[in-house]
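In: predicted structure and sequence below. I'll ask about it afterward.
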Amino acid sequence: MPTEKPNIPLSASSERMFDYPAPRVQDNELFSQFKYTRLNGFDYNNGNGTISRRDSSRPILVDGKYYVWYTKRHTVVPPIGWNRAAEATDEIPSTDWDLCDIWYATSKDGIKWEEQGVAISRPEKPKSGWRSVATPDILVWKNKYYLYYQAFDEPSGLRGDLCPVSISYADSPNGPWTHGGDKVIPFGKEG
């Protein structure tokens, strides 16, 4: 990260970053004071890399219970890496977000969690997301729940990390979830 704003065209967010009092994250006082707390209730297979949970949604509170959705991968081997994506198979992931489903967990206090299971599984090929569904977030509107997420159709790393956005909806945060359509936000123009 350069310490001074470069003399090149920048996105609006990059422009704002250089106007911020601490443009580098390590110089931000919140970065140095942030504390992590390990959550209870999740198995990681002794840290061998075959189970991953990442990209959680914002938590919502429904009837006194917190809900969160996240990307979960449980594969026979850890990811082989972005640069080896051509070697990925239906059992060997290229990245941590490859060969994933969207799971959810609940908690009464935000610390002790109970994994509830799959909320959105990968659809059958050739439907969008057959390779992986990942990076969910939740919207609640008029007593309906909407999960939107990335829907991958190839291992990440083959041609980058491009994928459309898909959506599913339910009458309850526990599902069942109805697929709302493939590629509700399709690929944009290159770049």
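Out: Now that the structure is in, tell me what you want to look at.
In: which strands and helices sit next to the longest helix along the chain?
Out: Taking DSSP state H as the criterion, the chain has its longest helix at helix 12-19. Helices and strands touching helix 12-19, by 3 or more CB pairs under 8 Å, 6 or more residues apart in numbering; DSSP states H and E: there are none. For glycine as for every other residue, the C-beta is placed from the backbone atoms N, C-alpha and C.
In: average pLDDT for that helix?
Out: Here helix 12-19 scores 74 as its mean pLDDT.
In: only C-alpha atoms, please: export it in CSV.
Out: What follows is helix 12-19, C-alpha atoms only, in CSV (Å, rounded to 0.1, in the frame of the first residue of the first chain):
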residue,chain,number,x,y,z
ALA,A,12,-14.3,6.0,-5.4
SER,A,13,-13.5,3.7,-2.4
SER,A,14,-9.7,4.1,-3.0
GLU,A,15,-10.1,7.8,-3.2
ARG,A,16,-11.9,7.8,0.1
MET,A,17,-9.2,5.6,1.7
PHE,A,18,-6.5,8.1,0.9
ASP,A,19,-8.6,10.9,2.5
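In: buried residues in that helix, which are they?
Out: residue 17 (16 or more other CB atoms under 10 Å).
In: may I have the secondary structure class of the residue nearest the centre of the chain?
Out: For the chain, the residue nearest the mean C-alpha position is residue 135 (1.9 Å; CA atoms, centre = their mean). Classification of residue 135 using DSSP: H, G, I helix; E, B strand; the rest coil returns strand.
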